[in-house]
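> this one's structure only:
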């Protein structure tokens, strides 16, 4: 265990016997993110933290967290009714559930106790318990209009990450050894950029109408320029130049399945380009030479067939001449009825990471986590092997879905970035490859550039490609697990 400080954890057998896989996964998520190796011990042993049903059940613990067995017995029956705040910490309010926040009280014996089940809070958020009742549109996207999730601004607060930070801060204040640093080079947080390659080659007879639809009469000159071939969407060299000036290398996610206008009109909106064409093979070489990542943008219906998903990955790897580590689904199109089925398919496809868990219309973190994590499959009752890199912001959220994200966009992005830093998280953005030209998409690139200039000016973000972040997080998690005992590891 050289290099890692060890945290001793006691878990009440009544919790472990009934809900062991779920509880163990949640504890691993929290401790790995914080940076502690762990060892599980009996309730009557000396330990840093205990997770117990009854107060005083672990008299030699520095901190006790109270387990809510009723909530664990039926997580899907628990409903979000708001967000509370106490001592500067925000936390979810559930119905049914205790009104208490993440605050310390006295236990009958031992150290202080948190009467609220913070571990269940994280499980509920990170497994998407709020999602099944949410109304969906025709593409399966959640419509959160009027819901507590939106009115209480839950997505932007990353409440599961806030819970991890509360636990980490509290244990350090109680004298526990500090955890392993989360990010390299002494950085407080990480940041990664990705571009979904949806429309790099314009349909010249069609695109002018789309320009006019977006801009009205103000777009006449730009529409005419597109029609004559003087403006286009092939902006890869310009992206590389812009991001080089920002100290950034990004990922470009390509769709290996070639769609058509007919399919697009009949609700299979895959892009029209061919990744095996000479132009794209040359592009892949140029992107690789610039240090950019080439990732998979799984086609619209790829989620329906794990074999098709793997075939798309292999087709892209053959065209690009290099391995593909990560994926982001076109239209964020996971299985609307069962997202975990799609996350499981990522294992079968041989991916190292995915970056698709986001609410299409709404800024913020869909699962309450601003840091990478390994998702949990509830039916299989196990952790999935493909890392998830949650996305905080997609460009469309401030342009196509402006009404769903009120407030000045630049200020909102700065606040989101600052919160990411405060929580030690990872700020992942999604900017479509075709929106760089300000004549065709006024304001889009300027907002992106301003956001990344703010991140650079802070000086405490590690800039890396998504694949580099995934590799770092994976290696760190493996090392922590190798130094740990318990939580279904090493026993």
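Alright, I've got the coordinates. The shown structure was predicted, so the numbers you read here are calculated from the model rather than taken from an experiment.
> For my notes, confirm residue 93 occurs in a strand.
Yes: under DSSP: H, G, I helix; E, B strand; the rest coil, residue 93 sits within a strand.
> Now stretch 207-223: average pLDDT?
Stretch 207-223 comes out with an average pLDDT of 97.
> contact partners of it?
For stretch 207-223, the surrounding residues in contact (Cβ atoms under 8 Å, 6 or more residues apart in numbering) are 224, 226, 227, 231, 439, 440, 441, 442. C-beta: built from backbone N, CA, C; applies to glycine.
> OK, contacts around the fourth one?
When you say that, I think you mean residue 231. 222, 225, 437, 439, 440.
> excluding its backbone neighbours, what's nearest the most centrally placed residue in the chain?
Central residue of the chain (Cα atoms, centre = their mean): residue 390, 0.8 Å from the mean position. Once flanking residues are discounted, residue 390 sits nearest to residue 365: 5.1 Å by Cβ to Cβ, 6 or more residues apart in numbering.
> Check the burial of that neighbour by counting its neighbours.
30 (other Cβ atoms under 10 Å).
> on that earlier part again, mark which of the contacts of residue 231 are buried, thanks.
Listed as buried from the contacts of residue 231 are 222, 225, 437, 440; burial here means 16 or more other Cβ atoms under 10 Å.
> of those residues, closest to residue 241?
residue 437 (13.6 Å; Cβ to Cβ).
> ok, the nearest residue to the closest one once chain neighbours are set aside to residue 222 distance?
Counting by Cβ to Cβ, 6+ apart, residue 231 is the residue found nearest to residue 437 once chain neighbours are left out, at 6.1 Å. To residue 222, residue 231 is 6 Å away according to Cβ to Cβ, to the nearest Å.
> Only the buried residues of stretch 407-414, if you could.
For stretch 407-414, using 16+ other Cβ under 10 Å, the buried residues are 409, 412, 413, 414.
> before we move on, the earlier item: now do the same contact list for the residue nearest to the centre of the chain.
355, 357-358, 365-367, 369-373, 426, 428.
> Now, those residues that are in strands?
Applying DSSP state E to the contacts of residue 390, the entries found in strands are 426, 428.
> Buried by neighbour count, from the contacts of residue 390: which ones?
Of these, these count as buried by 16+ other Cβ under 10 Å: 355, 357-358, 365-367, 369-373, 426, 428.
> Turn those residues into JSON lines, including pLDDT and distance to residue 469.
What follows is these, written out as JSON lines (pLDDT from 0 to 100; distance: Cβ to Cβ, whole Å):
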{"residue": "355", "pLDDT": "98", "distance to residue 469": "10"}
{"residue": "357", "pLDDT": "97", "distance to residue 469": "15"}
{"residue": "358", "pLDDT": "97", "distance to residue 469": "16"}
{"residue": "365", "pLDDT": "98", "distance to residue 469": "15"}
{"residue": "366", "pLDDT": "97", "distance to residue 469": "18"}
{"residue": "367", "pLDDT": "98", "distance to residue 469": "17"}
{"residue": "369", "pLDDT": "98", "distance to residue 469": "14"}
{"residue": "370", "pLDDT": "98", "distance to residue 469": "13"}
{"residue": "371", "pLDDT": "98", "distance to residue 469": "10"}
{"residue": "372", "pLDDT": "98", "distance to residue 469": "7"}
{"residue": "373", "pLDDT": "98", "distance to residue 469": "12"}
{"residue": "426", "pLDDT": "98", "distance to residue 469": "6"}
{"residue": "428", "pLDDT": "98", "distance to residue 469": "8"}
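> and those as CSV, adding distance to residue 188?
Below are the buried ones among the contacts of residue 390 laid out as CSV (distance: Cβ to Cβ, whole Å):
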residue, distance to residue 188
355, 21
357, 23
358, 23
365, 18
366, 23
367, 22
369, 17
370, 12
371, 12
372, 15
373, 18
426, 11
428, 16
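> and of those, the nearest to residue 255?
The closest of these, once distances to residue 255 are taken by Cβ to Cβ, is residue 355, at 14.8 Å.
> Surely that closest one is in contact with residue 428?
Yes: counting by Cβ atoms under 8 Å, residue 355 touches residue 428, with 6.3 Å between them.
> Show me whatever sits in contact with both of the two.
By Cβ under 8 Å, 6+ apart, the residues touching both residue 355 and residue 428 are 194, 389, 390, 391, 466.
> domain assignment for this protein?
6-180, 184-200+235-480 (automatic domain parsing).
> Check those domains for me: which has the lowest mean pLDDT.
domain 6-180 (a mean of 94).
> Residue 84 is in contact with residue 103, correct?
No: the criterion here is Cβ under 8 Å, and residue 103 misses it with residue 84 at 10.4 Å.
> circling back to that earlier point, could you point out which of the contacts of residue 390 is nearest to residue 178?
The closest of the contacts of residue 390, once distances to residue 178 are taken by Cβ to Cβ, is residue 371, at 17.6 Å.
> Quick one: the helices in the stretch 251-400 of the chain, in order.
Secondary structure of the stretch 251-400 of the chain (DSSP state H, counting those that start in this stretch): helices at 261-265, 278-289, 306-320, 339-349.
> Which secondary structure elements does the last one sit against?
What it means is helix 339-349. helix 306-320, strand 376-377 (3 or more Cβ pairs under 8 Å, 6 or more residues apart in numbering; DSSP states H and E).
> redo that, cut-off 10 Å
helix 306-320, strand 326-327, strand 353-354, strand 376-377, strand 387-388 (3 or more Cβ pairs under 10 Å, 6 or more residues apart in numbering; DSSP states H and E).
> who wins for proximity to residue 71 among the ones you listed?
Between the helices and strands packed on helix 339-349, strand 376-377 lies closest to residue 71; by Cβ to Cβ that is 15.9 Å.
> ok, residues contacting that closest one?
21-22, 25-26, 28-29, 123, 126-128, 340-341, 343-344, 347, 382-384 (Cβ atoms under 10 Å, 6 or more residues apart in numbering).
> Residue 10 sits in which helix or strand?
Taking DSSP states H and E as the criterion, residue 10 maps to strand 6-11.
> C-terminal to that strand, which secondary structure element comes first?
Criterion used, DSSP H and E; the element after strand 6-11 is helix 13-34.
> what angle sits between that next one and strand 6-11?
Using axes from the mean of the first three to the mean of the last three Cα atoms, to 10 degrees, the inter-axis angle of helix 13-34 relative to strand 6-11 is 150 degrees.
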